[in-house]
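In: Take a look and give me a structure for this.
(4 chains)
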2 protein chains.
Amino acid sequence: MVERVVPESGRRRRRPTKQGAVLSERMIVETALRLVSQHGAEALSVRRLGAALGADPSAIYRYFRNTDALLLSLADELIGRAQEGWEPTGDWRADLRAIGLRIHASYRSNPQAALLAAHRTTGRAHETRAVETILGVLRSANFPDPLVVRMYHAFVDQALAFAAQDAAALALPQAAHEADAEVWHAVYGKLPAATHPNIAATLPLLADDMRGSGYPFALELMLDAMAARLPATSVPADGSRDRRARARRPANRA
Amino acid sequence: MVERVVPESGRRRRRPTKQGAVLSERMIVETALRLVSQHGAEALSVRRLGAALGADPSAIYRYFRNTDALLLSLADELIGRAQEGWEPTGDWRADLRAIGLRIHASYRSNPQAALLAAHRTTGRAHETRAVETILGVLRSANFPDPLVVRMYHAFVDQALAFAAQDAAALALPQAAHEADAEVWHAVYGKLPAATHPNIAATLPLLADDMRGSGYPFALELMLDAMAARLPATSVPADGSRDRRARARRPANRA
DNA sequence: ACCTTACGACAACACCATTGACGTGTAAAT
DNA sequence: ATTTACACGTCAATGGTGTTGTCGTAAGGT
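Out: Here you go, the predicted structure:
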């Protein structure tokens, strides 16, 4: 097989398609995102994307080696959008909360791409910028580095994992999606108290709570726990182990 | 369309296939799990499952209305395996930790299937039993019901989300898996301290920590935060929110 | 021994991603 | 201004997918 994909920088000849569209990497990514957001996750196929572009489906392979490459590009775009126009405030807790919710929201807005991308490490520009920012927030809060790293890991994976989890629900075919939601009333609502006392006792609360995402509360709990592990700042107390904060650089930059 | 599926209880005629296999719901689920664990998630298609069963693919539709119904059965089977042989100890914290780690482990042991199943609500026996157990653990710890429900939601979704996240990594094609791991050295290791000071400062710790799962620590943080919200038992004190219980237990690690 | 019908098999449909071959129009080179 | 090269859009084909309508047969109840 001859390599069909030419890197975007090396492109010269922009021949219009039969229907008059002029393709580009950027235009394909945007069309794909629009397609998914307008017609649902199922609408994203190479064939339909071709149709939406006004081009033969196979033309897409001149820009992306396969659909996986295309989806990674969509994901990178999503990471970028999650960070767009955000600046750290200096309050580590508020900052982490904002970052977490932004990642979550951004991925949820494009479930299909989120599903494929949430568990990959791309190493692209948007990703490294996000990593740098989060590490900066944690370090400027004076957590010791070994703790910073573990907290970073837990925080990011939790954001991505929940994003993927919730995106997966949104990406389900309509029917399956509704079926899952219905289960809480249809099945759990009918379990007898004799065999399932705790479900019976909490059912209304439960069915209601399960409609939304568990992430915001899980995030809050994580922030609580992080705060509890914050080394004392001015008070000399503590001394439990060797994890005192050392004075360090400002650490933060977007 | 006539309904093709007959409920398992009403089955009488077990006609063997041409190749001599006698089908059943149970046997199909087990074959599907084996297929997936041996040959990867991509190996699970109706046609291949039919071949593995020694039956025509369409015969499967006599047992499951569609592939989604089959997936739900796989999911419930995994939940069941996670609970096998476990009993609550009465220590809510130890119990939740055990449940979380068991779910995580069970899904990881069958990554391909977990990926397909981790985000579905099945409403089946194994699932309801798990829900009942977890609610019971939280309620017996004396959390008020509205809090129990939110904690249940956060806890379960966290376990499933991380399970799916880590399963996804394990399920990647060998090449992509190694490529992702490599990124931490190849890309992050080469970022200049000038533009990415925090990454540069923590890189060795970071690259090391990112090799494992972030779940055990994230779980520990969640348990910490839950403990901090435990209503005071004998002491009348109360400050409703925030950071009481700052210096609680050492909050061990995996 | 006879019916009934459950259920396995077959064939067909519509969709999917991907690829090799082809020819045309663009942009660079002369 | 003309030629040339090749980028890239198009076509056609391959081999996959889930799903369904139809049919025949053998298993079970009677």
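
In: so A:A98 touches A:G85, yeah?
Out: No - counting by CB atoms under 8 Å, A:A98 does not reach A:G85; the two are 11.4 Å apart. No exception for glycine: its C-beta is placed from N, CA and C like everyone else's.

In: quick one, which of these two is more surrounded?
Out: The neighbour count for A:A98 versus A:G85, taken as other CB atoms under 10 Å in any protein chain shown, is higher for A:A98 (16 against 5).

In: The helix or strand in which that one is found near chain B at all?
Out: Using DSSP states H and E, A:A98 sits in helix A:92-108. No - Helix A:92-108 does not reach chain B (CB under 8 Å from any CB of the partner chain); its nearest approach is 10.9 Å.

In: Name the next helix or strand downstream of that helix, please.
Out: That would be, after helix A:92-108 and using DSSP H and E, helix A:111-117.

In: so A:G80 touches A:H126, yeah?
Out: Yes - A:G80 is in contact with A:H126 according to CB under 8 Å; the separation is 4.5 Å.

In: Domains of chain A: list them as residue ranges, please.
Out: Domains of chain A are assigned by automatic domain parsing as A:1-65, A:87-254.

In: In contact with the most centrally placed residue in chain A: list those residues for me.
Out: Nearest to the geometric centre of chain A sits A:Y107, at 3.9 Å (CA atoms, centre = their mean). Going by CB atoms under 8 Å, 6 or more residues apart in numbering or on different chains, A:Y107 touches A:78, A:82, A:113-114, A:117-118, A:160, A:163-164, A:166-167.

In: Tell me the confidence at it?
Out: Listed pLDDT for A:Y107 reads 89.

In: so where is the stretch 1-150 of chain A shaky, pLDDT-wise?
Out: Within the stretch 1-150 of chain A, the segments meeting pLDDT under 70 span A:1-2.

In: Name the residues of it found near chain B, please.
Out: With CB under 8 Å from any CB as the criterion, the stretch 1-150 of chain A meets chain B at residues A:118-123, A:128, A:131-132, A:135-136, A:139, A:145-146, A:148-150.

In: Which members of these are positioned in helices?
Out: A:128, A:131-132, A:135-136, A:139, A:145-146, A:148-150 (DSSP state H).

In: How about the residues of chain A by DNA strand C?
Out: A:1-2, A:12-16, A:44-48, A:57-58, A:61, A:65-68 (CB under 7 Å from any atom of the strand).

In: Try it again at 6 Å.
Out: Residues of chain A found near DNA strand C (CB under 6 Å from any atom of the strand) are A:1, A:12-15, A:45-48, A:57-58, A:61, A:66-67.

In: buried subset of these?
Out: Neighbour counting over the residues of chain A next to DNA strand C (16 or more other CB atoms under 10 Å in any protein chain shown) leaves A:46, A:61, A:67 as the buried ones.

In: wait, what's in contact with the first one?
Out: The contact partners of A:V46, taken as CB under 8 Å, 6+ apart, are A:57, A:60, A:67.

In: how far away is the residue of chain A positioned farthest from its centre from B:H185?
Out: Distance to the chain centre peaks in chain A at A:A194, reaching 41.1 Å (criterion: CA atoms, centre = their mean). The spacing between A:A194 and B:H185, counted by CB to CB, to the nearest Å, is 57 Å.

In: Quick check: chain neighbours aside, which residue is closest to A:A164?
Out: Excluding the flanking residues, the one nearest A:A164 by CB to CB, 6 or more residues apart in numbering or on different chains is A:A118, at 3.7 Å.

In: re earlier: ramachandran coordinates for the residue farthest from the centre of chain A?
Out: phi -60, psi -40 (degrees, to the nearest 10).

In: how far away is it from B:L49?
Out: 38 Å.

In: on that earlier part again, state the distance from the residue farthest from the centre of chain A to DNA strand D.
Out: 33 Å (CB to the nearest atom of the strand, to the nearest Å).

In: Of the residues of the stretch 1-150 of chain A next to chain B, just the buried ones, PyMOL syntax please.
Out: For the buried members of the residues of the stretch 1-150 of chain A next to chain B, the matching PyMOL selection, counting by 16+ other CB under 10 Å, is:
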select buried, chain A and resi 118+119+120+121+122+123+128+131+132+135+136+139+145+148+149+150
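
In: Is there proximity between the helix or strand where A:A179 lies and DNA strand D?
Out: Using DSSP H and E, A:A179 sits in helix A:174-186. No - judged by CB under 6 Å from any atom of the strand, helix A:174-186 and DNA strand D are separated, with a smallest distance of 9.5 Å.

In: Check which helices and strands that helix is in contact with.
Out: Secondary-structure packing of helix A:174-186 (3 or more CB pairs under 8 Å, 6 or more residues apart in numbering or on different chains; DSSP states H and E): helix A:145-171, helix A:197-209.

In: wait, which of the ones you listed is closest to DNA strand D?
Out: helix A:145-171 (15.4 Å; CB to the nearest atom of the strand).

In: thinking again about what came up before, also within reach of DNA strand D: list those from the residues of the stretch 1-150 of chain A next to chain B.
Out: Applying CB under 6 Å from any atom of the strand to those, none is adjacent to DNA strand D.

In: nearest spatial neighbour of A:L70, skipping sequence neighbours?
Out: A:F64 (4.2 Å).

In: helix, strand or coil for that neighbour?
Out: coil (DSSP: H, G, I helix; E, B strand; the rest coil).

In: Tell me which residues touch it, please.
Out: A:5, A:25, A:28, A:70, A:73.

In: Tabulate those (TSV), appending neighbour count and secondary structure.
Out: TSV is the format used below for the contacts of A:F64 (neighbours: other CB atoms under 10 Å in any protein chain shown; DSSP: H, G, I helix; E, B strand; the rest coil):
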residue	neighbour count	secondary structure
A:V5	13	coil
A:E25	16	helix
A:I28	23	helix
A:L70	23	helix
A:S73	22	helix
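
In: ok, of the contacts of A:Y107, which one's closest to DNA strand C?
Out: Using CB to the nearest atom of the strand, these come closest to DNA strand C at A:A113, 13.1 Å.

In: Not including adjacent chain positions, what is the nearest residue to that closest one?
Out: Sequence neighbours aside, A:L74 is the residue nearest to A:A113 in space, at 3.8 Å (criterion: CB to CB, 6+ apart).

In: which parts of stretch A:180-199 are buried?
Out: For stretch A:180-199, burial by neighbour count (16+ other CB under 10 Å) applies to A:180, A:183-184, A:187-188, A:191, A:196, A:198-199.

In: quick one: which two of those are the most distant?
Out: Spatial extent of these (CB to CB) is set by the pair A:D180 and A:N198 at 21.2 Å.

In: my read: the residue nearest to A:A164 touches A:L160, true?
Out: Yes - in this structure A:A118 lies within contact range of A:L160 using CB under 8 Å: 4.6 Å.

In: shared neighbours, these two?
Out: Common contacts of A:A118 and A:L160 (CB under 8 Å, 6+ apart): A:107, B:165.

In: And for A:L160, the neighbour number?
Out: A:L160: 23 surrounding residues under other CB under 10 Å.

In: do you know how far it is from A:Q83?
Out: 14 Å.

In: again with A:A125
Out: In this view, A:A125 and A:Q83 are 11 Å apart by CB to CB.

In: Comparing those two, which residue is more hemmed in?
Out: A:Q83 (17 against 11).

In: ok now do the closest residue to the more buried one other than its chain neighbours, which residues does it touch?
Out: Leaving aside its sequence neighbours, A:Q83 sits nearest to A:A130 (CB to CB, 6+ apart; 6.2 Å). Counting by CB under 8 Å, 6+ apart, A:A130 makes contact with A:79, A:82-83, A:99, A:103.

In: ok now do the residue nearest to A:A164, which residues does it touch?
Out: Counted by CB under 8 Å, 6+ apart, A:A118 has contacts A:75, A:107, A:160-161, A:163-164, A:167, B:165, B:168.
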